[in-house]
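J.: what's the 3D shape of this:
(chains A and B)
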Amino acid sequence: MRIPLYLAIAQWALLLALGLLVIGAYRQLGRVFAGKRPAGALGPAPGSSAKEFDYLRIRDNTNQIFVPAGNDGPALLGFVDPTCPACEELVENLSAADASGELAGFRTLLVMSDPPAYAEISPAFCSTAIEIGRPPTEAARQAYNAIATPLLIAIDGEGVIRAARTATERKDIRALIHTALAPTAADEVGVTIIDPDKAVTATADIPAQAHNGGRVT
Amino acid sequence: MNFLVLAAKSGLALMLIVAGSAKLAGVSSFAASVKLFAPVQGSTRALERIAIGIAAFELTLGSASLAFPSVAVINLLVLATACGFLTVSSIGYVRHRGKSCLCFGGLSNRVFDGLGILRSVVIVGLATGVSVIAVSRSAIALSTAGHLLLLGGAAVIAMATYTAARGVAMTNEAETI
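T.: Okay, the predicted model is just below:
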């Protein structure tokens, strides 16, 4: 029995595609097991330190610096653009969350890359009380791996990225707020405060932790 | 020539199957991309339905193109879809340059850029070739078993892609400390 040419080609193409998918899946799995992030992951890796960057504050045209740590609390950093309708939805929901007090205690900053004039024609961007900034270069976008917008990032009070995800709805915002406020695994294990005057031996054994606020797990 | 045209045809069909399945695995994210091109504001649910519709269309068209090579109208539909890709890449390049297109869901980091337009032009070229170059009927005359075999293969590829793309999406969602 003779097999039609197309069937032979299509079977080989299917086999090739399946092989490529298996290789791709194993590569992704390998990255996860090696403690790396899978390819295609959006936003910065949780656990990494949030980066500092300069920006122009749209409200008053002044240059500011976003300093992730030392804000006396957690921060929410959003990468949004007025030309992106999904971003407008996120800004509207963030404004509503802000108005209802859900963002109390959070340093919240929205970062846009469109020209500043675009913010003036977007109702959501015009009406929000949340601070909007525009970095002078793409460095901030690259540092936070903001390859797609809207991207919302939760940063804890120590300046550590806790979560990053595409977000538009209130439930997404609440999930990030919850993540930023939740204790880390290290916190849950238990914290012992070392009194430097009484625990000389312990601090000598673990100098790095002792200098980091005297916290040892 | 038969070999090249049929290889291009099966390649395009598989691309559609992979693209459709990957998009189905991350409907919410793809809906955000759809929203970039929506002429009017719509609810998230409506956008997700449109996103599911697009993904399902790509998956169905790819499977039909792979399993029923003798139906000429499918080649024209693939060509029309490729033209749609080119239009979306061009508009994306002008209006949303640098933003993620999520063309393959979470499986790729591709953004709207010049290379994306070039890729779309190549796809349109291949789809045009497949539509206009005639191949011998004996090369594409499949039995019922042949159709079923290729439909089964398309289903396996779709499930494998969905699983891989869902895995990436779940890793992204679960990545918190």
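
J.: looking only at pLDDT, what's the mean for stretch A:143-161?
T.: Mean per-residue pLDDT for stretch A:143-161: 85.

J.: burial measure for residue 125, as a count.
T.: All of this is about chain A. Using other CB atoms under 10 Å in any protein chain shown, the number of residues around A:Phe125 comes to 24. C-beta coordinates here come from the backbone N, C-alpha and C atoms, glycine included.

J.: I was after chain B.
T.: Residues near B:Gly125, counting by other CB under 10 Å, number 12.

J.: So for it, what's the pLDDT?
T.: Listed pLDDT for B:Gly125 reads 95.

J.: ditto for the one 10 residues further on
T.: B:Val135 is assigned 86 on the pLDDT scale.

J.: Distance of the closest residue to it other than its chain neighbours relative to A:Ala167?
T.: Of all residues not flanking B:Val135 in the chain, B:Asn2 sits nearest, at 4.9 Å (CB to CB, 6 or more residues apart in numbering or on different chains). Counting by CB to CB, to the nearest Å, the separation of B:Asn2 from A:Ala167 is 50 Å.

J.: before we move on, what about A:Cys126?
T.: For A:Cys126, the distance to A:Ala167 equals 21 Å [CB to CB].

J.: Neighbour count for the two, which is higher?
T.: Using other CB under 10 Å as the criterion, A:Cys126 and A:Ala167 rank with A:Ala167 on top: 28 against 12.

J.: just for chain A, where's the confidence low?
T.: For chain A, the stretches with pLDDT under 70 are A:1, A:32, A:35-41, A:70-72, A:184-217.

J.: need the contact list for the residue nearest to A:Ala129 when sequence neighbours are not counted.
T.: Among residues not flanking A:Ala129 along the chain, A:Asp98 sits closest, at 6.1 Å (CB to CB, 6+ apart). Counting by CB atoms under 8 Å, 6 or more residues apart in numbering or on different chains, A:Asp98 makes contact with A:Thr108, A:Thr128, A:Ala129, A:Ile130.

J.: quick one: which of those residues is most hemmed in?
T.: In terms of neighbour count, A:Thr128 stands highest of the contacts of A:Asp98 at 21 neighbours, by other CB under 10 Å.

J.: Distance of that one relative to A:Leu94?
T.: Applying CB to CB, the value for A:Thr128 to A:Leu94 is 7 Å.

J.: State the phi and psi torsions of B:Pro69.
T.: Main-chain torsions, B:Pro69, degrees, to the nearest 10: phi -70, psi -20.

J.: can you give me the helices in the chain?
T.: Went with chain A since none was named. Residue ranges of the helices in chain A, as given by DSSP state H, are A:5-33, A:85-99, A:116-120, A:123-127, A:139-143, A:170-181, A:185-189, A:200-205, A:207-211.

J.: meant chain B actually
T.: Listed in chain order, the helices of chain B (DSSP H) span residues B:2-25, B:27-37, B:44-67, B:72-95, B:114-132, B:137-140, B:144-174.

J.: Could you list every helix and strand that the second one packs against?
T.: Other helices and strands packing on helix B:27-37, by 3 or more CB pairs under 8 Å, 6 or more residues apart in numbering or on different chains; DSSP states H and E, are helix A:85-99, strand A:161-166, helix B:44-67, helix B:72-95.

J.: got it, and the fourth one?
T.: Applying 3+ CB pairs under 8 Å, 6+ apart, one finds that helix B:72-95 makes contact with helix B:2-25, helix B:27-37, helix B:44-67, helix B:114-132.

J.: now swap in the last one and tell me
T.: With contacts defined as 3+ CB pairs under 8 Å, 6+ apart, the secondary structure elements packing on helix B:144-174 are helix A:5-33, helix B:2-25, helix B:44-67.
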